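**Q** Quick check, what structure comes out for this input:
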Amino acid sequence: MPGNQQLHRVKLLHTSAWAFFVCCIVAIYLAAWLGALGLASIYIAIVAFEVGVLAFNSWRCPLTAVAAQYTDDRAPNFDIYLPRWLAQYNKEIFGPLYVLGVLFTLYRWRTA
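**A** Purely as a prediction, here's the structure:
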């Protein structure tokens, strides 16, 4: 399979994984707000697992290394279908949102 098709597939997979984890982060807030604290905890654990994978891999998604095999491009979004600015600041945006979601869940648990 030509490199462009492989890169396209990796980018689609990476974008899908990114969207899944962003949905989990949003779902933390929704579940905690609705009082479904067990469900919020599951979402927290799912994202925590991903954070562990990233930490183990020097804070890079393992799919980045796969995508790098098919292109010399190293723009912040070479491996994912996101706008350049979002790919570049992804951790700075969603990291704090995740931590705040965890804190919000803890607050809701304590006040329930």
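
**Q** And the pLDDT at the nearest residue to residue 60 once chain neighbours are set aside?
**A** Distances taken as CB to CB, 6 or more residues apart in numbering place residue 54 nearest to residue 60, at 6.9 Å, with adjacent residues excluded. Placement of C-beta: from N, CA and C, glycine included. Residue 54 carries a pLDDT score of 98 in this model.

**Q** Work out the gap between stretch 72-90 and the centre of the chain.
**A** Its chain's C-alpha centre and that of stretch 72-90 lie 13 Å apart, by CA atoms, centre = their mean, to the nearest Å.

**Q** what's in contact with that stretch?
**A** 10-12, 14-15, 18, 61, 63-64, 66-68, 71, 93 (CB atoms under 8 Å, 6 or more residues apart in numbering).

**Q** now, the most widely separated pair of those residues?
**A** Greatest spatial distance in the contacts of stretch 72-90: 71 and 93, 24.6 Å, computed using CB to CB.

**Q** higher neighbour count, the two?
**A** Ranked by neighbour count (other CB atoms under 10 Å), residue 71 and residue 93 place residue 71 first, with 16 against 13.

**Q** Would you mind measuring from the more buried one to residue 56?
**A** 24 Å (CB to CB, to the nearest Å).
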